[in-house]
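>>> give me a model of this one.
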Amino acid sequence: MPFLDILLVLISGSGLLHGIFFAFYLCFFNKKRTKSNLLLGLLLIFMAFRIGKSVMLYFGDDLEPIFIFTGLSFLLIIGPLLRWYILAMTTTDFKLPNFYILELVPFVLIFGISFFISNSWFNEDNGIAVALFASTIIFSYLHLAFYILKSAMMVRKVMNAHPKTHRTKSQISIVHWLQILIVGFSMIWFSYVLNIIEDTVPYIIGPVMYSVVIYYLSYKAYKLNSTHIDGTVFAQNENATLFQRIRELMVAEKLYLESDISLVRLSNIVEKSTQKTSEVINQYAKRNFNDFINYYRIQEAKEMLLDSTSRKYTISSIAFDIGFSSLSSFNIAFKKFEGTTPSSYKKNN
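Residues are numbered from 1 along each chain as shown. Sure, this is the predicted structure:
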């Protein structure tokens, strides 16, 4: 065997074994036996099986079709496991709903079919078999690409819900770790797709890329302590982070100026239930939703009443401009917060 092939075997084989050892550590030996670690362990095991098939196909002769189709079927379970793992790492008290098992139907079908594939199917004259094989390859890689993209969108959603300036140290570690994980799987996927499209990139590049990625992931998991934390860290300061976001919406986008602003609409914007949004406002603003909105409106009204450039506006026009539907409701709210009427406030100041 040429020296280059020996080197490639060593690199891909060592990465394969490292991935399996890492998976067993997560599932059986890590003190923090969480659902997220179990999912990551399963993800790495199935990934190792997939890479093992690639190594055998590249260096072996006449690999049985059952191994080829089984390897492709593993791509169909890697995607769902990746998505579930990210959910477990970003969701407080994560529980896997029973209907999520439906995502494994494509894997079960292809895995089952693989046991009925024989060498005779791969005769060049068998157009149906060739079409089936090509369709399975395309579907498997598009399936994994879909889940990688969906996982990236989930991480982005978490980042938007927890702004960088308000994340705890553990939350920062999880976000960083998940970003690296998605990039790593994207690189492995891309290396295989290049081989399929161009056929100029050696097939063994996939396993080699996996080895590089798995060693780097292990290093980052240790540095970021990602195997000892999970989605429970997002319960810390979750209410404070949500209120900070609501307050930023009020200050930056001045939602209180909109006359039709409601608890339902604000809840939709922050992607929380009305009950949760109301609870957080009551907890941190010490006011109900209406008083919370009116407080900002009154602060705006005070500036307008004292602004020389706004003196051409009447009190009623100011009331409508800041979101009140009537002058009487504006007067009541103003007196509630300032202890006087708008006209008296303007006169005395």
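
>>> give me the domain ranges for the protein.
Domain assignment for the chain by automatic domain parsing gives 3-231, 238-348.

>>> save the ones you listed as TSV, and put in mean neighbour count too.
Backbone N, C-alpha and C define where each C-beta goes, glycine included. Shown next, in TSV, are the domains of the chain (neighbours: other Cβ atoms under 10 Å):
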stretch	mean neighbour count
domain 3-231	17
domain 238-348	16
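
>>> show me where the stretch 1-150 of the chain dips below the pLDDT cut-off.
Along the stretch 1-150 of the chain, segments meeting pLDDT under 70 span 1-6, 8, 57-63, 119-127, 129.

>>> I'd say Leu217 and Ile182 touch.
No - using Cβ atoms under 8 Å, Leu217 is not in contact with Ile182, being 11.0 Å away.

>>> any chance you could map the strands in the chain?
Assigned strands in the chain: none (criterion: DSSP state E).

>>> just give me the longest helix of it.
Ranked by number of residues, the top helix in the chain under DSSP state H is helix 127-161.

>>> what helices and strands are in contact with that helix?
helix 65-90, helix 105-113, helix 169-198 (3 or more Cβ pairs under 8 Å, 6 or more residues apart in numbering; DSSP states H and E).

>>> report the angle between the longest one and helix 127-161.
Translated: helix 169-198. In terms of direction (axes from the mean of the first three to the mean of the last three Cα atoms, to 10 degrees), helix 169-198 departs from helix 127-161 by 150 degrees.

>>> helices or strands up against helix 169-198?
helix 65-90, helix 127-161, helix 205-224.

>>> closest one to Ile188 among these?
Among those, the nearest to Ile188 by Cβ to Cβ is helix 205-224 (5.4 Å).

>>> for Asn290, which of the helices and strands packed on helix 169-198 is the nearest?
helix 127-161 (25.1 Å).

>>> check the offset of that closest one from the chain's centre.
Put simply, helix 127-161 sits 15 Å off its chain's centre (Cα atoms, centre = their mean, to the nearest Å).

>>> and what of stretch 327-337?
On Cα atoms, centre = their mean, the centre of stretch 327-337 falls 44 Å from the chain's centre.

>>> C-alpha coordinates for it, PDB please?
What follows is stretch 327-337, C-alpha atoms only, in PDB (Å, rounded to 0.1, in the frame of the first residue of the first chain):
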ATOM      1  CA  LEU A 327     -57.900  63.400  25.500                       C
ATOM      2  CA  SER A 328     -59.600  62.300  28.600                       C
ATOM      3  CA  SER A 329     -57.600  59.100  28.900                       C
ATOM      4  CA  PHE A 330     -54.400  61.100  28.300                       C
ATOM      5  CA  ASN A 331     -55.400  63.500  31.100                       C
ATOM      6  CA  ILE A 332     -56.100  60.700  33.500                       C
ATOM      7  CA  ALA A 333     -52.800  58.900  32.800                       C
ATOM      8  CA  PHE A 334     -50.800  62.100  33.000                       C
ATOM      9  CA  LYS A 335     -52.300  63.000  36.400                       C
ATOM     10  CA  LYS A 336     -51.700  59.500  37.600                       C
ATOM     11  CA  PHE A 337     -48.000  59.600  36.900                       C
END
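
>>> tell me which residues are up against that stretch.
By Cβ atoms under 8 Å, 6 or more residues apart in numbering, the residues outside stretch 327-337 that reach it are 291, 294-295, 297-298, 301, 315-316, 318-319, 322, 324, 340-342, 345.

>>> one step back: how about the helices and strands packed on helix 127-161 in JSON lines, adding distance to Asn349?
Formatted as JSON lines, the helices and strands packed on helix 127-161 follow (distance: least, Cβ to Cβ, whole Å):
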{"stretch": "helix 65-90", "distance to Asn349": "49"}
{"stretch": "helix 105-113", "distance to Asn349": "69"}
{"stretch": "helix 169-198", "distance to Asn349": "44"}
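
>>> between these, which one is closest to Gly52.
Of all the helices and strands packed on helix 127-161, helix 65-90 sits nearest to Gly52, with 8.0 Å by Cβ to Cβ.

>>> which residues does the closest residue in space to Tyr256 that isn't next to it in sequence contact?
If you skip the residues right next to it in sequence, Tyr256 has Tyr296 as its closest partner in space, 4.1 Å away by Cβ to Cβ, 6 or more residues apart in numbering. Taking Cβ under 8 Å, 6+ apart, we find Tyr296 in contact with Met250, Lys254, Tyr256.
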